[in-house]
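J.: Pasted the sequence and its predicted model underneath.
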Amino acid sequence: MDKLQKSMYDLIVETSTRLPKDVRRAIAKAKAQENAGTRSAMSLATITNNISMADVNVSPICQDTGLPTFKIKTPVGVNQLKIKEAILNAIAEATKDGKLRPNSVDSLTGKNSGDNLGAGSPVIKFEQWEKDYIDARLILKGGGCENKNIQYSLPCELEGLGKAGRDLDGIRKCIMHSVYQAQGQGCSAGFIGVGIGGDRTSGYELAKEQLFRDVEDVNPIEELAKLEEYVMENANKLGIGTMGFGGETTLLGCKVGVINRIPASFFVSVAYNCWAYRRLGVTLNPDNGEINDWLYNEGEEIDFSKEVEEAQEETKSDSREVVLEAPITEEKIRDLKVGDVVRINGLMYTGRDAIHKHLSENDSPVNLDGQIIYHCGPVMLKDEDGTWHVKAAGPTTSIREEPYQGDIMKRFGIRAVIGKGGMGPKTLAALKDHGGVYLNAIGGAAQYYADCIKSVEGVDFMEFGIPEAMWHLKVEGFTAVVTMDSHGNSLHEDVDKSSLEKLAQFKEPVFK
Ligand SMILES: O=C(O)C[C@H](O)C(=O)O
Ligand code: SF4
C-alpha cells in the first residue's frame with residue numbers, strides 16, 4: 001500500500017479545491033435563472049468566479065474545510081488500520097500545505113491541534129464489501145451549513161405549515177420547513193440530504209449519506225422520487241435566494257433516504273450543505289493503494305473561467321456603490337442604506353467567536369474606533385521569512401456573535417461589521433443607536449476575498465489558533481452589500497418574513 005498516502009492526499013486536495021462536476025452543473029443552472037443586475041445574480045457571479053479561482057490556485061474553495069469525513073469500503077482482508085494511518089498522515093500534510101484549515105479544536109480548552117487531528121477528527125467510517133477494490137469517499141462540510149442541520153420528531157407543529165403528521169405529507173412539511181429555517185445562513189443556495197426514520201443518530205447518518213449521492217440521480221423509490229421532485233420545485237418558490245438576498249434559487253439539490261424506525265419514534269433528519277458542496281471519491285487498487293478512478297466524474301465539466309469576464313461584469317449590480325476606508329465617520333455610516341454595494345479599501349480586523357467573547361470581557365489590543373471588523377477565520381500560511389499569506393478568507397456566519405456584537409460595537413466605537421447571513425434584533429438596535437452598519441460578504445467566496453487582501457499587517461491572539469486570531473488585513477476593492485443599516489432596516493428580517501408567508505402556501509396536504 002505504498003501509494004495510499006499520496007492517493008489520500010490527492011483526494012483531500014481535489015475535494016477542497018475543485019467542485020465536482022454535478023455540483024458545478026447545478027450552480028450553472030441556478031446562475032442562468034437569476035435576473036441580471038440583482039443581488040443574487042451578483043452573488044452567483046462572485047461564486048462562479050471563486051470556483052474558477054480555486055481551480056487555478058489549487059486552494060480551498062471555502063476557508064472552512066469542515067470536519068473531514070471519509071467513507072471507505074474495502075474488500076474482505078484489507079488492513080483498515082493501514083488505511084487509517086495513511087489518512088491521518090495525509091490530513092496533517094494537506095493542512096501544512098494550506099489545503100485544509102486547521103479546524104480541530106479541543107472542546108474544553110479551545111486549543112487548536114494545528115494539524116486537523118485530535119479526538120474525533122477526522123471521521124473515518126469503514127465498511128466491508130464483496131468487490132475487489134477499495135471505494136474511498138470524502139466530504140468536507142463546513143460548520144455554517146452544519147449548524148443549519150435540523151431534526152424533526154413527528155408529529156409536530158411547524159411555523160407556517162401547521163401540523164405535520166406521521167406520514168409522507170408530514171415529511172414533506174418538515175423538508176420545506178428545513179429550507180425555510182436555514183435562510184441564507186448556510187450559504188444558500190444549498191443541497192439537502194434527508195433521512196427518514198432510524199433513531200436520532202442513525203437518522204442523521206442517513207441524511208448525510210444522501211449527500212454522497214449524485215445531484216442528478218433519480219431516487220429508486222417512487223414515492224421518494226416524487227417527494228424530491230416536489231421539494232426542488234417548491235422550495236425554490238420561497239424566495240430566499242443566494243445568501244438569503246432574495247431570488248429564484250434557494251435549493252440546488254434534495255436527496256431523501258428511508259430506513260425503519262421503532263414505533264415510538266419518527267424522525268426526519270435534514271443535513272444542509274452549502275453551495276460549496278465539496279465531496280469526491282476514488283476507487284483504489286487494494287494491493288498498492290493507487291487511484292484507479294475518480295468518482296462523480298460523469299458528464300460535462302463546466303469551466304467557470306470562461307465566464308470570468310462576464311462574471312466581473314455581473315458583479316456590477318444596479319445598486320449604488322460607495323467606497324469605504326477606515327477610520328469611518330458616523331456621518332458616512334448614516335448615509336448608507338440597505339442595498340448599497342460597498343467597496344472597501346485599507347485596514348480591517350478579523351474577529352470571530354473567541355474574539356467576541358474575549359472583547360466582551362476585556363480590552364482590545366488595537367484601537368477599534370471607526371474601524372471595520374470582519375467575521376472571518378482564514379487559512380494562513382507563513383513563508384520562510386516569517387511573512388503571513390492569506391490562502392482563503394471568506395466570511396463566517398455572523399449570527400453567532402449576536403449576544404456580543406451590539407455591546408462591543410458601542411464600547412469600542414466599531415462602525416462596520418462584515419459577515420454573512422445577517423444578525424438579529426439586538427445588533428440592529430445597536431446599529432441604529434450608535435451609527436453602525438452590517439455588510440454581507442458572499443459566503444464561501446474565499447479565493448475571491450483572499451485576492452482582495454493585499455497584505456497582512458499584524459496579528460493578535462494567536463493563542464486562539466489560526467481561524468480565531470485577530471488578523472490585521474490590508475484590502476483593496478473588497479466588495480460587500482449593506483444588508484442592515486443604521487435606520488432600522490434589515491434585508492434579513494424582510495426576507496425571513498416574506499419567505500415565511502410564502503411557506504404558508506404549502507400548508508395544504510399534497511401527498512395523501
Ligand atoms: O468557519 C468558517 O469560516 C465559516 C463557517 O463555515 C460558516 O459558514 O459560518
Ligand atoms: S462559509 Fe459557507 S460555503 Fe463555507 S463552509 Fe461555511 S456554509 Fe459552506
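T.: Here it is on my side, so go on. Ligands and ions are numbered 1, 2, ... in the order given.

J.: Tell me if I am right that Met243 is in a strand.
T.: No. Going by DSSP: H, G, I helix; E, B strand; the rest coil, the assignment for Met243 is helix, not a strand.

J.: Show me which residues of the stretch 101-250 of the chain sit near ligand 2.
T.: Residues of the stretch 101-250 of the chain found near ligand 2 (CB under 6 Å from any ligand atom) are Gly142, Gly144, Cys145, Gly186, Cys187. Every residue, glycine included, has its C-beta placed from N, CA and C.

J.: The same query, at a cut-off of 8 Å, please.
T.: Proximity of the stretch 101-250 of the chain to ligand 2 (CB under 8 Å from any ligand atom) is limited to residues Lys141, Gly142, Gly143, Gly144, Cys145, Glu146, Gln185, Gly186, Cys187.

J.: got it, and the stretch 401-512 of the chain?
T.: Lys420, Gly443, Gly444, Ala446.

J.: OK, contacts around Arg343?
T.: Contacts for Arg343 (CB atoms under 8 Å, 6 or more residues apart in numbering) come out as Glu321, Val322, Val323, Leu324, Gly477, Phe478, Thr479.

J.: In JSON lines, list the residues of the stretch 401-512 of the chain next to ligand 2 along with neighbour count.
T.: Shown next, in JSON lines, are those (neighbours: other CB atoms under 10 Å):
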{"residue": "Lys420", "neighbour count": "28"}
{"residue": "Gly443", "neighbour count": "31"}
{"residue": "Gly444", "neighbour count": "33"}
{"residue": "Ala446", "neighbour count": "30"}
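
J.: picking up where we left off before, considering the residues of the stretch 101-250 of the chain next to ligand 2, which possesses the most neighbours?
T.: Cys187 (33 neighbours; other CB atoms under 10 Å).

J.: where does Arg279 land in three-state SS?
T.: Applying three-state DSSP: Arg279 is strand.

J.: That one: how many residues sit nearby?
T.: Around Arg279 there are 23 residues (other CB under 10 Å).

J.: re earlier: pick out the lowest-pLDDT one from the contacts of Arg343.
T.: When the contacts of Arg343 are compared by pLDDT, Glu321 scores lowest at 91.

J.: and that one, what does it touch?
T.: Here Glu321 is in contact with Asp340, Val341, Val342, Arg343 (criterion: CB under 8 Å, 6+ apart).

J.: correct me, but the first one touches Val482?
T.: Yes. Here Asp340 lies in contact with Val482, judged by CB atoms under 8 Å, at a distance of 4.4 Å.

J.: before we move on, the earlier item: taking the residues of the stretch 101-250 of the chain next to ligand 2, tell me the two that lie furthest apart.
T.: Lys141 and Gln185 (14.5 Å; CB to CB).

J.: Please give me every residue in contact with the residue of the stretch 251-400 of the chain found nearest ligand 2.
T.: Distances between the stretch 251-400 of the chain and ligand 2 by CB to the nearest ligand atom are smallest at Cys274, namely 3.1 Å. Residues in contact with Cys274, defined by CB under 8 Å, 6+ apart, are Cys62, Gly142, Gly144, Cys145, Gly186, Cys187, Ser188, Gly190, Gly443, Gly444.

J.: Quickly name whichever of those residues is closest to Gln405.
T.: For those, the nearest to Gln405 is Gly144 (16.7 Å; CB to CB).

J.: For Pro68, which residues are in contact?
T.: By CB under 8 Å, 6+ apart, the contact list for Pro68 reads Ile12, Ile91, Leu100, Asn116, Ser121, Pro122, Val123, Leu138, Ile139, Leu140.

J.: Can you tell me the SS state at the first one?
T.: Secondary structure, three-state DSSP: Ile12 is helix.

J.: That one and Gly289, how far apart?
T.: The spacing between Ile12 and Gly289, counted by CB to CB, to the nearest Å, is 14 Å.

J.: If you count surrounding residues, which of these two has more?
T.: Ile12 (27 against 21).

J.: Give me the distance between the more buried one and Gly110.
T.: In terms of CB to CB, Ile12 sits 25 Å off from Gly110.

J.: ok so, going back, who's more crowded, Asp340 and Val482?
T.: Val482 (24 against 19).

J.: pretty sure the more buried one is in a helix, no?
T.: No. Val482 is assigned strand when assessed by three-state DSSP, not a helix.

J.: Run through the residues that contact it.
T.: Counted by CB under 8 Å, 6+ apart, Val482 has contacts Leu336, Lys337, Val338, Gly339, Asp340, Val341, Val342, Val437, Tyr438, Leu439, Asn440.

J.: mind redoing it with 7 Å?
T.: Going by CB atoms under 7 Å, 6 or more residues apart in numbering, Val482 touches Leu336, Lys337, Val338, Gly339, Asp340, Val342, Val437, Leu439.

J.: Buried ones among the contacts of Pro68?
T.: Neighbour counting with 16 or more other CB atoms under 10 Å marks Ile12, Ile91, Leu100, Asn116, Ser121, Pro122, Leu138, Ile139, Leu140 as buried within the contacts of Pro68.

J.: Mark which of these are part of helices, please.
T.: Ile12, Ile91 (DSSP state H).

J.: mind putting the buried ones among the contacts of Pro68 in CSV, pLDDT and distance to Phe511 included?
T.: CSV is the format used below for these (pLDDT from 0 to 100; distance: CB to CB, whole Å):
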residue, pLDDT, distance to Phe511
Ile12, 98, 41
Ile91, 98, 43
Leu100, 98, 42
Asn116, 98, 43
Ser121, 98, 39
Pro122, 98, 38
Leu138, 98, 35
Ile139, 98, 30
Leu140, 98, 34
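
J.: Which one of the buried ones among the contacts of Pro68 is nearest to Leu252?
T.: Ranked by distance to Leu252 (CB to CB), the buried ones among the contacts of Pro68 are led by Ile139 at 15.6 Å.
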